[in-house]
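S.K.: from the sequence below, what's the structure:
(one chain, ligands or ions: 2)
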Amino acid sequence: MRDDLERILFHETTILARLDELAEQITRDHLGKELSVVVILHGGMVLMADLLRRVHMPLWIETLTASSYHGGTASKGVVDLGPDGLPDVKGRHVLILDDILDTGLTLATVKKQLIESGGAEGVRTCVLLRKKKERAVRIGADYVGFEIGDEFVVGYGLDFAGRYRNLPFIGVLKDEVIRGELPGKGVE
Ligand code: 5GP
Ligand code: MG
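M.R.: Ligands and ions are numbered 1, 2, ... in the order given. Got it, this is the predicted structure:
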């Protein structure tokens, strides 16, 4: 294991096996519908590639940039949406894909906008991870890969200060790396 990681939570094979199950559920729930998948960047892109290749029905893929962490390890409570605006989802069934449900602010903000401004017909949400915690924003997710404790994780799309997204597994960083005392190094 890399020396900047405390431990691995989910190995790649475990993640991919779970994606097989989620993809089957998503396919079953949306058969015959016009489905637009809206991927929240950058965190949702690894999930997008692995999950959507397992969904066997025609669909459209759109992206949206959203950030609430701004380089740290806790949500700043404000969600910035990217400059390109909302994708065109008018009259479409939408599935929002994101890496993780933490405070819920990102999913709640994006969902509200897609319905109210975008005119989506219906919106469901899918996250790879959901943190088990009390949330100020009352939002669930329709499809959840794994539930985890309230700790900061990286890998499989999730970053720390822009790095670690390309780790093929989900892990927990050592505290020293987060505090900046142990510079992250090694092969990613
Ligand atoms: P929320 O708006 O639900 O608080 O946070 C959602 C966003 O914060 C996620 O899309 C993700 O980018 C980031 N985030 C939340 N928890 C974690 C975490 O444990 N690790 C990393 N790397 N990002 C997280
Ligand atoms: Mg994100």
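S.K.: contacts only, for the nearest residue to Ala23 once chain neighbours are set aside.
M.R.: Leaving out its chain neighbours, the residue that sits closest to Ala23 by C-beta to C-beta, 6 or more residues apart in numbering is Arg54, at 3.4 Å. Every C-beta, even on glycine, is put in place using the N, C-alpha and C of the backbone. Going by C-beta atoms under 8 Å, 6 or more residues apart in numbering, Arg54 touches 19-20, 22-24.
S.K.: with Ala136 instead?
M.R.: Applying C-beta under 8 Å, 6+ apart, one finds that Ala136 lies in contact with 103-104.
S.K.: kindly state the pLDDT recorded for it?
M.R.: Ala136 is assigned 76 on the pLDDT scale.
S.K.: state the helix or strand in which it lies.
M.R.: Per DSSP states H and E: Ala136 is located in neither a helix nor a strand.
S.K.: ok, now how distant is it from Val46?
M.R.: Distance, Ala136 to Val46, using C-beta to C-beta, to the nearest Å: 28 Å.
S.K.: return the residues of this protein in contact with ligand 1.
M.R.: Contact residues (C-beta under 6 Å from any ligand atom) of the chain with ligand 1: 40, 43, 68-69, 75, 98-106, 152-154, 158-160.
S.K.: would you map the helices across the protein?
M.R.: Assigned by DSSP state H, the chain shows helices spanning 12-30, 45-52, 105-116, 175-179.
S.K.: all set now, cheers.
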